[in-house]
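Undergrad: A structural model of the following input is requested.
(chains A and B)
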Amino acid sequence: MRLRVEVRLKPGHFDPEGDVTAKMLRDLGFPVTMVKTGKVYIVDVESDDREEALRLAEEMCRKLLANPVKDDYSLEVLPT
Amino acid sequence: MSLNGFKACVLRTGGTNCDLETSIALEEVGIKAEIIHMNRIENKSLLDYHLVVFPGGFSYGDYVRAGAVWGKNVLVKLRIELERFIEEGRLVLGICNGFQVLVEAGILPGDGVSETPSAALANNSSARYECRWVWLRVENNETPFTMMMEKGEVLRIPVGHAEGRFLTRSEKDLEELKKNRQIVFRYVLPNGDCANGLYPFNPNGSTYDVAGICNRKGNVMGMMPHPERAFFGWQLVEWGKTPPERGDGRKIFESIVKYFRERIY
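TA: Okay, the predicted model is just below:
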(Lines give C-alpha, C1' and ligand atoms only; values in the text may rest on other atoms or scores of the structure.)
Protein backbone atom coordinates (compact mmCIF):
# COMPACT_ATOMS: atom_id res chain seq x y z
CA MET A 1 0.00 0.00 0.00
CA ARG A 2 1.17 3.50 -0.75
CA LEU A 3 0.39 6.18 1.79
CA ARG A 4 0.52 9.92 1.74
CA VAL A 5 1.27 11.43 5.14
CA GLU A 6 0.93 15.17 5.46
CA VAL A 7 2.36 16.85 8.56
CA ARG A 8 1.59 20.51 9.17
CA LEU A 9 1.58 22.94 12.07
CA LYS A 10 -1.50 23.01 14.26
CA PRO A 11 -3.87 25.92 13.66
CA GLY A 12 -2.74 29.02 15.49
CA HIS A 13 0.90 27.87 15.59
CA PHE A 14 3.35 30.37 14.31
CA ASP A 15 4.69 29.37 10.86
CA PRO A 16 7.66 31.65 10.07
CA GLU A 17 8.46 29.74 6.87
CA GLY A 18 4.91 30.25 5.61
CA ASP A 19 4.96 33.94 6.53
CA VAL A 20 8.27 34.57 4.75
CA THR A 21 7.03 32.68 1.68
CA ALA A 22 3.78 34.67 1.65
CA LYS A 23 5.72 37.92 1.83
CA MET A 24 7.96 36.96 -1.08
CA LEU A 25 4.99 35.85 -3.18
CA ARG A 26 3.32 39.21 -2.49
CA ASP A 27 6.55 40.99 -3.46
CA LEU A 28 6.42 39.06 -6.74
CA GLY A 29 2.96 40.51 -7.34
CA PHE A 30 0.74 37.57 -6.36
CA PRO A 31 -2.44 38.43 -4.44
CA VAL A 32 -1.45 36.07 -1.59
CA THR A 33 -3.07 36.48 1.84
CA MET A 34 -1.73 33.37 3.59
CA VAL A 35 0.78 30.55 3.18
CA LYS A 36 1.08 27.55 5.50
CA THR A 37 3.93 25.10 5.09
CA GLY A 38 4.16 21.42 5.93
CA LYS A 39 5.85 18.22 4.93
CA VAL A 40 4.58 15.37 2.80
CA TYR A 41 5.91 11.84 3.13
CA ILE A 42 5.05 9.17 0.55
CA VAL A 43 5.41 5.86 2.33
CA ASP A 44 5.13 2.32 0.95
CA VAL A 45 4.24 -0.30 3.54
CA GLU A 46 4.16 -4.06 3.26
CA SER A 47 0.44 -4.50 3.72
CA ASP A 48 -2.51 -5.06 1.41
CA ASP A 49 -5.00 -4.07 4.03
CA ARG A 50 -6.17 -0.47 3.91
CA GLU A 51 -7.12 -0.23 7.58
CA GLU A 52 -3.88 -1.84 8.67
CA ALA A 53 -1.87 0.56 6.49
CA LEU A 54 -3.64 3.58 7.96
CA ARG A 55 -3.13 2.28 11.47
CA LEU A 56 0.59 1.91 10.77
CA ALA A 57 0.76 5.44 9.37
CA GLU A 58 -0.96 6.77 12.47
CA GLU A 59 1.66 5.06 14.61
CA MET A 60 4.46 6.44 12.40
CA CYS A 61 3.16 9.95 13.06
CA ARG A 62 2.95 9.34 16.77
CA LYS A 63 6.44 7.86 16.97
CA LEU A 64 8.42 9.96 14.51
CA LEU A 65 6.81 12.06 11.81
CA ALA A 66 4.85 14.51 13.98
CA ASN A 67 5.51 16.19 17.30
CA PRO A 68 2.05 16.39 18.92
CA VAL A 69 3.00 19.62 20.69
CA LYS A 70 2.96 21.53 17.40
CA ASP A 71 1.98 19.24 14.52
CA ASP A 72 -1.26 17.93 13.01
CA TYR A 73 -1.29 15.28 10.35
CA SER A 74 -3.58 13.75 7.76
CA LEU A 75 -3.30 10.34 6.14
CA GLU A 76 -4.41 9.07 2.79
CA VAL A 77 -4.07 5.78 0.92
CA LEU A 78 -2.81 6.42 -2.61
CA PRO A 79 -3.63 4.32 -5.66
CA THR A 80 -0.56 2.37 -6.73
CA MET B 1 42.90 18.05 39.62
CA SER B 2 42.01 14.42 40.03
CA LEU B 3 38.65 13.04 39.22
CA ASN B 4 39.70 9.46 39.07
CA GLY B 5 37.04 7.16 37.83
CA PHE B 6 34.66 9.82 36.54
CA LYS B 7 34.19 9.43 32.83
CA ALA B 8 32.11 11.20 30.25
CA CYS B 9 30.77 9.78 27.02
CA VAL B 10 30.27 12.32 24.26
CA LEU B 11 27.96 10.69 21.74
CA ARG B 12 28.03 11.47 18.06
CA THR B 13 26.26 10.44 14.91
CA GLY B 14 26.26 11.57 11.29
CA GLY B 15 25.98 15.37 11.29
CA THR B 16 27.21 15.94 14.85
CA ASN B 17 29.88 18.64 14.75
CA CYS B 18 30.49 19.89 18.30
CA ASP B 19 31.73 16.63 19.80
CA LEU B 20 35.42 17.58 19.74
CA GLU B 21 35.04 21.04 21.35
CA THR B 22 32.76 19.52 23.98
CA SER B 23 35.18 16.76 24.89
CA ILE B 24 38.09 19.25 24.97
CA ALA B 25 36.08 21.38 27.42
CA LEU B 26 35.45 18.33 29.61
CA GLU B 27 39.11 17.27 29.53
CA GLU B 28 40.19 20.84 30.40
CA VAL B 29 38.24 20.71 33.66
CA GLY B 30 39.61 17.23 34.41
CA ILE B 31 36.85 14.88 33.26
CA LYS B 32 38.02 12.02 31.07
CA ALA B 33 35.94 12.17 27.90
CA GLU B 34 35.45 9.62 25.13
CA ILE B 35 33.74 10.41 21.83
CA ILE B 36 31.62 7.46 20.78
CA HIS B 37 29.68 7.06 17.55
CA MET B 38 26.15 5.67 17.84
CA ASN B 39 27.16 2.81 15.55
CA ARG B 40 29.70 1.69 18.13
CA ILE B 41 27.61 2.17 21.23
CA GLU B 42 26.38 -1.44 21.23
CA ASN B 43 29.89 -2.60 22.11
CA LYS B 44 29.97 -0.29 25.12
CA SER B 45 27.97 0.09 28.26
CA LEU B 46 26.61 3.52 29.10
CA LEU B 47 26.89 2.52 32.73
CA ASP B 48 30.69 2.70 32.46
CA TYR B 49 30.22 6.48 32.33
CA HIS B 50 28.95 9.08 34.78
CA LEU B 51 28.03 11.73 32.26
CA VAL B 52 26.56 11.39 28.78
CA VAL B 53 26.66 14.43 26.52
CA PHE B 54 24.59 14.87 23.38
CA PRO B 55 26.58 17.61 21.62
CA GLY B 56 25.52 20.13 19.02
CA GLY B 57 25.37 19.68 15.28
CA PHE B 58 22.87 18.75 12.62
CA SER B 59 22.27 15.08 13.26
CA TYR B 60 20.76 13.33 10.24
CA GLY B 61 20.70 16.66 8.43
CA ASP B 62 17.89 17.87 10.72
CA TYR B 63 15.54 15.75 8.58
CA VAL B 64 11.95 15.31 9.81
CA ARG B 65 12.56 17.79 12.67
CA ALA B 66 15.84 18.82 14.28
CA GLY B 67 16.85 16.05 16.68
CA ALA B 68 13.89 13.80 15.83
CA VAL B 69 15.76 11.02 14.05
CA TRP B 70 18.62 10.82 16.56
CA GLY B 71 16.10 11.08 19.40
CA LYS B 72 14.22 8.01 18.16
CA ASN B 73 17.51 6.26 17.39
CA VAL B 74 18.46 6.75 21.05
CA LEU B 75 15.16 5.17 22.14
CA VAL B 76 15.69 2.17 19.86
CA LYS B 77 19.32 1.57 20.88
CA LEU B 78 19.69 2.86 24.41
CA ARG B 79 16.30 3.15 26.04
CA ILE B 80 16.69 0.67 28.88
CA GLU B 81 20.27 1.61 29.68
CA LEU B 82 19.54 5.30 29.53
CA GLU B 83 16.51 4.97 31.81
CA ARG B 84 18.67 3.21 34.36
CA PHE B 85 21.45 5.78 33.87
CA ILE B 86 19.07 8.64 34.68
CA GLU B 87 17.37 6.77 37.49
CA GLU B 88 20.74 6.23 39.19
CA GLY B 89 21.31 9.99 39.23
CA ARG B 90 24.08 10.05 36.63
CA LEU B 91 24.23 13.15 34.46
CA VAL B 92 22.91 13.76 30.95
CA LEU B 93 23.64 17.03 29.15
CA GLY B 94 22.20 18.04 25.78
CA ILE B 95 23.62 21.06 24.00
CA CYS B 96 21.76 22.66 21.08
CA ASN B 97 21.01 19.70 18.78
CA GLY B 98 21.52 17.56 21.88
CA PHE B 99 18.72 19.48 23.63
CA GLN B 100 16.49 18.89 20.61
CA VAL B 101 17.36 15.18 20.83
CA LEU B 102 16.44 15.00 24.54
CA VAL B 103 13.10 16.71 23.86
CA GLU B 104 12.30 14.53 20.84
CA ALA B 105 13.19 11.39 22.80
CA GLY B 106 10.74 12.48 25.51
CA ILE B 107 13.57 12.60 28.08
CA LEU B 108 13.00 16.32 28.72
CA PRO B 109 11.01 17.90 30.24
CA GLY B 110 9.43 14.66 31.49
CA ASP B 111 10.92 12.31 34.00
CA GLY B 112 12.12 9.29 32.14
CA VAL B 113 11.86 8.30 28.54
CA SER B 114 8.65 8.51 26.56
CA GLU B 115 7.69 7.79 22.97
CA THR B 116 5.78 11.02 22.61
CA PRO B 117 7.49 14.36 23.18
CA SER B 118 5.74 16.70 25.61
CA ALA B 119 7.54 19.83 24.39
CA ALA B 120 8.99 21.06 21.12
CA LEU B 121 11.84 23.18 19.81
CA ALA B 122 10.13 24.78 16.84
CA ASN B 123 11.71 26.90 14.14
CA ASN B 124 12.88 30.36 15.20
CA SER B 125 10.35 33.16 14.92
CA SER B 126 12.87 35.05 12.78
CA ALA B 127 12.55 32.22 10.21
CA ARG B 128 16.30 31.94 9.97
CA TYR B 129 19.40 30.49 11.53
CA GLU B 130 20.39 32.60 14.54
CA CYS B 131 24.11 32.66 15.32
CA ARG B 132 24.82 35.28 17.98
CA TRP B 133 25.91 35.96 21.55
CA VAL B 134 23.07 35.97 24.04
CA TRP B 135 22.73 36.67 27.74
CA LEU B 136 21.33 34.00 30.02
CA ARG B 137 20.08 34.34 33.57
CA VAL B 138 20.58 31.46 35.97
CA GLU B 139 17.13 30.60 37.32
CA ASN B 140 18.10 27.48 39.21
CA ASN B 141 21.61 27.14 40.63
CA GLU B 142 20.90 23.93 42.50
CA THR B 143 21.37 21.55 39.58
CA PRO B 144 24.61 19.60 39.03
CA PHE B 145 25.20 21.82 35.97
CA THR B 146 24.82 25.18 37.69
CA MET B 147 26.29 24.62 41.17
CA MET B 148 29.17 27.02 40.51
CA MET B 149 26.84 29.92 39.67
CA GLU B 150 24.81 32.39 41.64
CA LYS B 151 21.06 32.48 41.24
CA GLY B 152 20.27 35.43 39.01
CA GLU B 153 23.81 35.54 37.60
CA VAL B 154 24.00 36.61 33.96
CA LEU B 155 26.11 34.50 31.59
CA ARG B 156 27.14 35.37 28.05
CA ILE B 157 27.18 32.31 25.79
CA PRO B 158 26.49 32.07 22.03
CA VAL B 159 23.64 30.28 20.26
CA GLY B 160 23.66 28.85 16.74
CA HIS B 161 20.41 27.22 15.66
CA ALA B 162 17.39 27.47 13.40
CA GLU B 163 15.01 25.48 15.61
CA GLY B 164 15.17 26.66 19.20
CA ARG B 165 11.75 28.14 19.98
CA PHE B 166 10.76 26.25 23.10
CA LEU B 167 7.08 25.31 23.24
CA THR B 168 5.09 23.42 25.83
CA ARG B 169 1.76 21.66 25.21
CA SER B 170 -0.11 24.16 27.34
CA GLU B 171 0.15 27.04 29.76
CA LYS B 172 -0.36 24.49 32.52
CA ASP B 173 2.75 22.53 31.44
CA LEU B 174 4.78 25.74 31.59
CA GLU B 175 3.46 26.46 35.10
CA GLU B 176 4.52 22.94 36.12
CA LEU B 177 8.03 23.58 34.83
CA LYS B 178 8.23 26.81 36.81
CA LYS B 179 6.84 25.19 39.93
CA ASN B 180 9.28 22.28 39.74
CA ARG B 181 12.16 24.69 39.13
CA GLN B 182 12.92 22.96 35.84
CA ILE B 183 13.68 26.20 34.01
CA VAL B 184 17.42 26.55 34.41
CA PHE B 185 18.32 29.39 32.01
CA ARG B 186 16.28 32.21 30.48
CA TYR B 187 17.30 34.66 27.77
CA VAL B 188 17.67 38.15 29.28
CA LEU B 189 18.88 41.64 28.43
CA PRO B 190 22.57 42.29 29.23
CA ASN B 191 21.52 43.88 32.55
CA GLY B 192 19.65 40.73 33.59
CA ASP B 193 16.11 42.01 33.00
CA CYS B 194 13.64 39.66 31.33
CA ALA B 195 13.82 39.69 27.52
CA ASN B 196 10.03 39.17 27.34
CA GLY B 197 10.44 37.80 23.85
CA LEU B 198 12.39 40.84 22.64
CA TYR B 199 14.55 40.01 19.62
CA PRO B 200 17.53 39.53 19.40
CA PHE B 201 17.97 39.03 23.15
CA ASN B 202 15.50 36.18 22.93
CA PRO B 203 16.93 34.90 19.64
CA ASN B 204 14.22 32.43 18.72
CA GLY B 205 10.90 33.51 20.26
CA SER B 206 11.00 30.87 23.03
CA THR B 207 8.03 30.77 25.38
CA TYR B 208 8.88 32.56 28.66
CA ASP B 209 12.39 33.19 27.20
CA VAL B 210 13.35 29.60 28.05
CA ALA B 211 16.94 28.77 27.02
CA GLY B 212 17.55 25.63 29.08
CA ILE B 213 15.57 23.20 31.21
CA CYS B 214 16.20 20.17 33.39
CA ASN B 215 14.18 17.19 34.56
CA ARG B 216 12.55 17.27 37.98
CA LYS B 217 15.50 15.60 39.64
CA GLY B 218 17.92 18.01 37.96
CA ASN B 219 20.32 15.38 36.59
CA VAL B 220 19.28 15.81 32.94
CA MET B 221 19.70 19.23 31.38
CA GLY B 222 19.26 20.55 27.88
CA MET B 223 20.15 24.03 26.65
CA MET B 224 20.21 25.75 23.26
CA PRO B 225 23.33 27.96 23.86
CA HIS B 226 26.78 26.40 23.44
CA PRO B 227 28.85 26.55 26.66
CA GLU B 228 31.79 24.88 24.86
CA ARG B 229 31.94 27.89 22.54
CA ALA B 230 32.41 30.27 25.49
CA PHE B 231 35.01 28.25 27.37
CA PHE B 232 38.41 29.78 26.61
CA GLY B 233 39.02 33.53 26.70
CA TRP B 234 40.10 33.51 23.06
CA GLN B 235 36.65 32.29 22.00
CA LEU B 236 35.02 35.47 23.29
CA VAL B 237 34.20 38.61 21.34
CA GLU B 238 37.03 40.49 23.10
CA TRP B 239 39.65 38.02 21.82
CA GLY B 240 41.57 40.68 19.89
CA LYS B 241 41.88 43.00 22.91
CA THR B 242 42.67 41.59 26.31
CA PRO B 243 40.22 38.76 26.68
CA PRO B 244 39.24 37.45 30.10
CA GLU B 245 40.98 34.17 30.86
CA ARG B 246 37.80 32.18 30.78
CA GLY B 247 34.36 32.30 29.25
CA ASP B 248 31.10 31.88 31.13
CA GLY B 249 30.38 28.51 29.53
CA ARG B 250 33.23 27.06 31.57
CA LYS B 251 31.10 27.35 34.72
CA ILE B 252 28.78 24.60 33.47
CA PHE B 253 31.70 22.17 33.12
CA GLU B 254 33.16 23.29 36.47
CA SER B 255 29.79 22.73 38.10
CA ILE B 256 29.79 19.15 36.85
CA VAL B 257 33.24 18.67 38.41
CA LYS B 258 32.03 20.07 41.73
CA TYR B 259 29.04 17.74 41.62
CA PHE B 260 31.23 14.71 40.90
CA ARG B 261 33.60 15.66 43.72
CA GLU B 262 30.92 16.13 46.30
CA ARG B 263 28.63 13.30 45.38
CA ILE B 264 29.33 9.60 45.65
CA TYR B 265 26.79 7.33 43.97
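Undergrad: count the residues that sit near the closest residue in space to residue B:124 that isn't next to it in sequence.
TA: Counting by Cβ to Cβ, 6 or more residues apart in numbering or on different chains, residue B:204 is the residue found nearest to residue B:124 once chain neighbours are left out, at 4.1 Å. For the C-beta atoms, the positions are set from N, CA and C on the backbone; glycine is no exception. Neighbours of residue B:204 under the rule other Cβ atoms under 10 Å in any protein chain shown: 28.
Undergrad: residue B:204 contacts residue B:128, correct?
TA: No. Using Cβ atoms under 8 Å, residue B:204 makes no contact with residue B:128, being 10.1 Å away.
Undergrad: can you name the residues that contact the residue nearest to residue B:124?
TA: Contact analysis of residue B:204 by Cβ atoms under 8 Å, 6 or more residues apart in numbering or on different chains lists B:124-126, B:130, B:159, B:161, B:164-166, B:224.
Undergrad: over to residue B:247?
TA: B:156-157, B:229-233, B:235-236.
Undergrad: all the strands of chain B, in order from the start?
TA: If DSSP state E is used as the criterion, the strands of chain B fall at B:7-12, B:32-37, B:51-54, B:91-95, B:119-123, B:130-138, B:154-161, B:163-168, B:183-188, B:210-214, B:220-223.
Undergrad: which residues of chain A lie near chain B?
TA: A:13-14, A:16-17, A:19-20, A:39, A:62-65, A:67-70 (Cβ under 8 Å from any Cβ of the partner chain).
Undergrad: just these now: which is nearest residue B:87?
TA: Of all those, residue A:63 has the smallest distance to residue B:87: 23.0 Å, by Cβ to Cβ.
Undergrad: ok so, going back, any of the contacts of residue B:247 buried? List them.
TA: By neighbour count, with 16 or more other Cβ atoms under 10 Å in any protein chain shown, the contacts of residue B:247 hold B:156-157, B:229-232, B:235-236 as buried.
Undergrad: what's the closest non-adjacent residue to residue B:83?
TA: residue B:113 (5.4 Å).
Undergrad: for the one you found, give me its contacts.
TA: Neighbouring residues of residue B:113 by Cβ under 8 Å, 6+ apart: B:75, B:79, B:82-83, B:86, B:105-107.
Undergrad: give me the pLDDT for the residue of the stretch 1-150 of chain B found nearest chain A.
TA: Proximity of the stretch 1-150 of chain B to chain A (Cβ to the nearest Cβ) peaks at residue B:127, 3.3 Å away. Among the per-residue scores, residue B:127 shows a pLDDT of 90.
Undergrad: surely it meets residue A:19?
TA: Yes. Here residue B:127 reaches residue A:19: they are 6.8 Å apart, a contact under Cβ under 8 Å.
Undergrad: report the set of residues contacting both of those two.
TA: With contacts defined as Cβ under 8 Å, 6+ apart, no residue is adjacent to both residue B:127 and residue A:19.
Undergrad: returning to what we had before: would you turn the contacts of residue B:204 into JSON lines with neighbour count?
TA: Shown next, in JSON lines, are these (neighbours: other Cβ atoms under 10 Å in any protein chain shown):
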{"residue": "B:124", "neighbour count": "22"}
{"residue": "B:125", "neighbour count": "19"}
{"residue": "B:126", "neighbour count": "16"}
{"residue": "B:130", "neighbour count": "20"}
{"residue": "B:159", "neighbour count": "25"}
{"residue": "B:161", "neighbour count": "25"}
{"residue": "B:164", "neighbour count": "29"}
{"residue": "B:165", "neighbour count": "24"}
{"residue": "B:166", "neighbour count": "26"}
{"residue": "B:224", "neighbour count": "32"}
